[in-house]
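> Take a look and give me a structure for this.
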Amino acid sequence: MFGSLAGRTRSLWRRFNRLDRLALLVFLLYGVVTVARAFRKELPGAGFVGFLFFVALAYFLFRLAGWARGRLLWGLRNRLIVAYVFIAVVPVLLLLVMAVLSAYILYWQLGAYLIYDDFQKHVEKVAAAADTVAASLATEARLVGERPSPSSSATRLAALMAATGADLPGLRIEFNTGQELLARNGGPAGNRFAGIVQSGSQLWLRAVVARSTPAGRVLVSASVRLSPELMESVAPGIGPIQVGVTRPATDEDPRNLVLTIGERRFVRVGQIATRQRVLPPKAYWLDGQINGVSKLEARLLGAAPGTEDTVPVFAFFSARPSQLNRRLFSSLGEIGGATVTILMFIGIVFLVIEVAALVTGIVLTRTITHAVADLYRATQHVQAGDLTHRVRIERKDQLGVLGESFNSMTSSISGLIEEQRERQRLENELSIAREVQAQLFPRALPSLPGVQLEAICRAARMVSGDYYDFIRLGPARLALAIADISGKGISAALLMASLQAALRSQILLEGGSTQSTAELVARLNRHLYLHTSQERYATFFCAVYDSTTRILRYTNAGHFPPLYIAGGKVTKLEEGGMVLGLFDNCSYQEGSIQVAPGSLLVAYSDGLIEPENVYGEEFGSGRLLEVTLRHREASPQALAQALMTAAEEWAGSPEQADDMTVIVARLE
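Residues are numbered from 1 along each chain as shown. From the prediction side, this is the model:
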């Protein structure tokens with residue numbers, strides 16, 4: 001067990017690169033530092049080791065993410081699911097989040113606007129009260145011709161207080177006060193102010209109005225303290241409201257209490273909240289809680305000249321979308337609720353469509369991955385050598401066609417393997433046939449006084465249909481032969497073997513060496529005629545040379561005439577007759593030449609003169625004669641090789657169209 005664990009540990013260690021091992025070393029150092037801190041000992045460089053620990057941790061997390069990504073996305077199903085999530089699900093989720101945030105911000109802004117608007121309406125009510133009193137006093141002053149006293153307007157003030165008491169509880173009317181507010185915020189004419197005023201930690205809704213009369217200037221101030229009772233009447237359609245009161249911050253204020261807005265700094269000094277409002281229960285499951293804030297501005301009383309005389313007032317509120325919807329669609333009456341219901345219904349329909357699209361995508365993904373998984377398992381079978389396995393076809397779609405193509409491919413591969421095996425067997429047999437045929441050619445050129453010999457045979461295929469032979473008939477006599485069997489391949493090679501056996505049996509029989517070449521060829525013709533099919537034949541040339549008498553006797557049975565060159569004279573050896581094997585009882589003639597010293601005999605098959613160049617022109621017997629004359633002083637080996645090379649260069653192709661054979665004999 002321990003040995004297996006050690007082996008796994010070593011294998012895991014070998015998988016780590018240098019950065020992995022360095023990160024592990026950092027972890028070990030950080031562990032040592034942690035243990036030292038547990039014993040209340042601080043090691044030098046502990047802070048730097050901690051920094052390296054976080055770097056190493058980030059590196060390992062990155063490596064782990066790459067490993068997890070590779071494992072997760074290896075399968076096609078996981079890849080398609082992840083792709084579908086990023087293409088369809090993630091954008092929808094982002095849109096939903098954006099819609100929720102947008103709705104939340106919209107409701108927040110709506111609540112903030114309602115609070116701001118209601119505060120402004122209350123300020124306008126206070127300003128209307130001040131305007132009413134100031135107008136009443138100005139009218140009275142014009143009638144009596146003197147400035148009216150506050151006591152003379154007591155009846156009108158009492159009526160005004162009674163009328164506004166419900167909306168403005170605690171309304172207070174003052175005379176000849178508020179000059180400071182008019183001086184700073186009274187507008188271009190300096191005769192009217194309305195807004196929120198802060199005095200200490202208290203907020204007031206205040207209006208100051210100045211009217212000019214014949215008896216002098218009338219100054220009226222109306223104010224109401226922002227109390228919890230007054231807060232109950234602000235934006236009654238939403239939930240609880242809390243107003244935060246601030247003042248400008250000083251250097252002595254604690255930093256954690258300072259609120260910075262732009263370049264302005266403030267400190268919270270109080271709070272005014274509603275007491276009777278509560279957040280109603282949800283009207284539906286999406287009816288969540290909206291928390292927002294509305295920002296107002298208050299004028300500071302008693303601010304020193306040249307200093308900032310305004311502070312922000314924050315009205316925090318809580319509400320539900322159902323409450324805000326009633327205010328938003330209040331102009332529609334009962335139809336407003338139906339509008340919200342329709343919007344929610346459309347949202348639910350869209351959600352159902354998205355879920356259906358997601359389910360459809362998953363089903364299609366499973367269909368694709370199942371087909372790919374079947375193909376993968378099929379490839380595993382093929383890799384294991386099982387070509388009988390077939391992919392299951394369930395649908396007539398493109399994946400089904402792919403499966404059918406795979407099945408067809410494996411079937412074709414199986415057939416090709418069988419064909420390859422058969423071809424390999426035939427090639428092995430051809431190789432054996434080639435070795436056997438090689439034994440039919442002379443293994444060594446015979447040595448005869450005054451005669452130099454060379455022969456080259458290059459087969460177009462594994463075996464050749466050309467044949468040449470040298471047979472020594474005595475101390476001074478030599479028979480040579482060359483033949484070209486019709487056709488190529490195995491059939492031509494078999495006929496060539498039959499011709500070789502018949503020639504040697506005829507010429508080596510007792511008395512056969514003294515018979516004429518015409519009689520020998522006639523017997524070979526009858527042999528081939530009787531033992532081959534009608535369409536098979538062979539061209540044949542046979543000659544017997546006697547070095548004592550220097551006489552060359554020959555018979556040409558339809559073969560290309562060999563060249564006899566003596567000095568500058570060229571003679572074609574054409575005496576003979578019909579090709580072998582086509583007709584029975586053919587007669588042949590024997591030709592005879594008195595060989596001059598230094599003569600040259602060149603015999604060849606048609607494969608040497610029929611190669612064509614790119615223009616379709618044959619090499620031809622004329623060019624063969626030209627090459628022969630150019631190299632007639634060379635050795636038979638060099639001349640034979642020169643003829644082969646010239647024909648190959650003329651063709652310009654490594655592939656042969658026919659067997660090529662040449663015999664060169666120099667007769668000294």
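
> can we go C-alpha only for contacts and neighbour counts from here?
Will do.

> Just give me the neighbour total for residue 564.
By other C-alpha atoms under 10 Å, 20 other residues sit near residue 564.

> Oops, could you answer that again for residue 226 instead?
Neighbour number of residue 226 under other C-alpha under 10 Å is 21.

> Then residue 652?
13.

> cool, residue 249 as well?
So residue 249, with other C-alpha under 10 Å, has 18 neighbours.

> what about the nearest residue to it once chain neighbours are set aside, helix or strand, and which?
Leaving aside its chain neighbours, residue 249 sits nearest to residue 266 (4.5 Å; criterion: C-alpha to C-alpha, 6 or more residues apart in numbering). Using DSSP states H and E, residue 266 sits in strand 264-273.

> follow-up on the earlier one: what's across from the residue nearest to residue 249 in the sheet?
Beta-bridge partners recorded for residue 266 (DSSP bridges): residue 248, residue 259.

> about what we covered before: buried residues in the strand holding residue 266, which are they?
266-268, 271-273 (16 or more other C-alpha atoms under 10 Å).

> Check those against residue 428 and report the nearest one.
residue 266 (102.1 Å; C-alpha to C-alpha).

> got a list of what the residue nearest to residue 249 touches?
246-249, 258-260, 311 (C-alpha atoms under 8 Å, 6 or more residues apart in numbering).

> which among those residues end up buried?
Buried among the contacts of residue 266 (16+ other C-alpha under 10 Å): 246-249, 258, 311.

> can you tell me which two in those residues are farthest apart?
Farthest pair in those, by C-alpha to C-alpha: 258 and 311, 13.3 Å.

> domains of the chain?
96-328, 349-440, 442-667 (automatic domain parsing).

> And these: which comes nearest residue 21?
Using C-alpha to C-alpha, the nearest of those to residue 21 is domain 349-440, at 36.8 Å.

> Under a three-state scheme, what state does residue 206 occupy?
What DSSP: H, G, I helix; E, B strand; the rest coil gives for residue 206 is strand.

> nope, residue 498 is what I was after
Going by three-state DSSP, the secondary structure assigned to residue 498 is helix.

> cool, the one 5 residues further on as well?
In terms of secondary structure, residue 503 is helix; the call rests on three-state DSSP.

> how close does it sit to residue 275?
Distance, residue 503 to residue 275, using C-alpha to C-alpha, to the nearest Å: 135 Å.

> name the element residue 649 belongs to?
Residue 649 is part of helix 636-651 when elements are defined by DSSP H and E.

> And that helix, what does it pack against?
Contacts defined by 3 or more C-alpha pairs under 8 Å, 6 or more residues apart in numbering; DSSP states H and E place helix 636-651 against strand 451-458, helix 620-630, strand 660-667.

> now with 10 Å?
strand 451-458, strand 599-604, helix 620-630, strand 660-667 (3 or more C-alpha pairs under 10 Å, 6 or more residues apart in numbering; DSSP states H and E).

> can those go into JSON lines with extra columns for distance to residue 363 and mean neighbour count?
As requested, the helices and strands packed on helix 636-651 are exported to JSON lines (distance: least, C-alpha to C-alpha, whole Å; neighbours: other C-alpha atoms under 10 Å):
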{"stretch": "strand 451-458", "distance to residue 363": "67", "mean neighbour count": "19"}
{"stretch": "strand 599-604", "distance to residue 363": "76", "mean neighbour count": "24"}
{"stretch": "helix 620-630", "distance to residue 363": "74", "mean neighbour count": "15"}
{"stretch": "strand 660-667", "distance to residue 363": "69", "mean neighbour count": "24"}
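
> in stretch 494-505, what counts as buried?
Result for stretch 494-505 [16+ other C-alpha under 10 Å]: buried residues 494-500, 502-503.

> Which of these sits closest to residue 423?
The nearest member of those to residue 423, counting by C-alpha to C-alpha, is residue 494 at 19.6 Å.

> Would you quantify the distance from that closest one to residue 66?
Residue 494 is 69 Å from residue 66, by C-alpha to C-alpha.

> Next: residue 483.
According to C-alpha to C-alpha, residue 483 and residue 66 sit 75 Å apart.

> Equivalent analysis for residue 375, please.
Counting by C-alpha to C-alpha, the separation of residue 375 from residue 66 is 27 Å.

> now swap in residue 292 and tell me
43 Å.

> Could you check which of those two has the larger neighbour count?
Each of residue 292 and residue 66 has its neighbours counted (other C-alpha under 10 Å); residue 292 has more, 19 against 12.

> ok, what's across the strand from that one?
Bridge pairing for residue 292 - DSSP bridges - gives residue 317.

> Surely it touches residue 109?
Yes. In this structure residue 292 lies within contact range of residue 109 using C-alpha atoms under 10 Å: 7.7 Å.

> overlap in contacts of residue 258 and residue 311?
Counting by C-alpha atoms under 10 Å, 6 or more residues apart in numbering, the shared contacts of residue 258 and residue 311 are 246-248, 264-267.

> Make JSON lines from these and add pLDDT and distance to residue 548 to it.
Below are the shared contacts of residue 258 and residue 311 laid out as JSON lines (pLDDT from 0 to 100; distance: C-alpha to C-alpha, whole Å):
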{"residue": "246", "pLDDT": "87", "distance to residue 548": "144"}
{"residue": "247", "pLDDT": "84", "distance to residue 548": "145"}
{"residue": "248", "pLDDT": "84", "distance to residue 548": "143"}
{"residue": "264", "pLDDT": "81", "distance to residue 548": "137"}
{"residue": "265", "pLDDT": "84", "distance to residue 548": "137"}
{"residue": "266", "pLDDT": "86", "distance to residue 548": "140"}
{"residue": "267", "pLDDT": "87", "distance to residue 548": "141"}
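
> Please name the residues that touch the closest residue in space to residue 587 that isn't next to it in sequence.
Among residues not flanking residue 587 along the chain, residue 522 sits closest, at 6.5 Å (C-alpha to C-alpha, 6+ apart). By C-alpha under 10 Å, 6+ apart, the contact set of residue 522 is 555, 557, 577-578, 580-581, 584-589.

> Just give me the neighbour total for the closest residue to residue 450 other than its chain neighbours.
With sequence-adjacent residues excluded and distances taken as C-alpha to C-alpha, 6+ apart, residue 450 is closest to residue 668, at 4.8 Å. Counted with other C-alpha under 10 Å, residues neighbouring residue 668 total 15.

> Am I right that residue 174 sits in a strand?
Yes. Note on residue 174: a strand contains this position according to three-state DSSP.

> so what's the spatially closest residue to it that is not a sequence neighbour up against?
Excluding the flanking residues, the one nearest residue 174 by C-alpha to C-alpha, 6+ apart is residue 221, at 5.0 Å. Shown in contact with residue 221 (C-alpha under 10 Å, 6+ apart): 126-127, 129-131, 133-134, 172-179, 192-194, 206-210.
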